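Participant: here you go, sequence then predicted model.
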Amino acid sequence: MASYNKVILMGNLTRDPQLRYLPNQTAVAEFGLACNRKFKGQNGEDREEVTFVDCTAWARTAEVINEYFKKGRPIFVEGRLKYDTWEDKQGGGKRHKLTVVVENFQFVGGRNEGGEGAKSPAAAEGQGAKPQAAAGAADVPFDQGQQFKPDDIPF
């Protein structure tokens, strides 16, 4: 019988990533992700539920997530589910935990969205953000004082 283990999530980090290195110098980053779901209840009122997910990233992916993401920053992750079991050290019996092993991720939102102090990838590469005064005409479809109609918006 074939099986398939794929997870796709988008949410905000609930805490700063915790980066550590294994004895063989492999990087491991662990972080929490909060995914919100909005829906209407049975009596029509707006409701929201939050699912908290523990995530683990490895190698270069772990280092990049640790460098650019902070608490509150949105992220899109793809990965697989992993079920860990272990014996509690205080004699509490068998413990278990379901985590997402991040295989791929994408930045979501703007450069400064969420996560106080999170660096942008362009800034880390020495490119920095382009000042607004230096933006060319091709970058700005309308003059700042110009009025436009909704039909002028390209989406």
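Facilitator: That came in fine, so what should we check first?
Participant: helix or strand for Ile75, which one?
Facilitator: Element membership for Ile75, per DSSP states H and E: strand 74-87.
Participant: oh, that last question was meant for Thr51, not what I typed.
Facilitator: Assigned by DSSP H and E, Thr51 belongs to strand 46-58.
Participant: list the buried residues of that strand.
Facilitator: Within strand 46-58, the residues that count as buried by 16 or more other Cβ atoms under 10 Å are 53, 55-57. Glycine gets a C-beta too; all of them are placed from N, C-alpha and C.
Participant: over to stretch 22-34?
Facilitator: Those would be 27-33, for stretch 22-34 by 16+ other Cβ under 10 Å.
Participant: JSON lines please, covering those residues and showing pLDDT and distance to Arg47.
Facilitator: Formatted as JSON lines, these follow (pLDDT from 0 to 100; distance: Cβ to Cβ, whole Å):
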{"residue": "Ala27", "pLDDT": "97", "distance to Arg47": "39"}
{"residue": "Val28", "pLDDT": "97", "distance to Arg47": "36"}
{"residue": "Ala29", "pLDDT": "98", "distance to Arg47": "33"}
{"residue": "Glu30", "pLDDT": "98", "distance to Arg47": "30"}
{"residue": "Phe31", "pLDDT": "98", "distance to Arg47": "27"}
{"residue": "Gly32", "pLDDT": "97", "distance to Arg47": "22"}
{"residue": "Leu33", "pLDDT": "98", "distance to Arg47": "21"}
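Participant: these into TSV, with extra columns for distance to Gly109 and secondary structure?
Facilitator: Listed next are these as TSV, based on distance: Cβ to Cβ, whole Å; DSSP: H, G, I helix; E, B strand; the rest coil:
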residue	distance to Gly109	secondary structure
Ala27	24	strand
Val28	25	strand
Ala29	20	strand
Glu30	22	strand
Phe31	16	strand
Gly32	18	strand
Leu33	14	strand
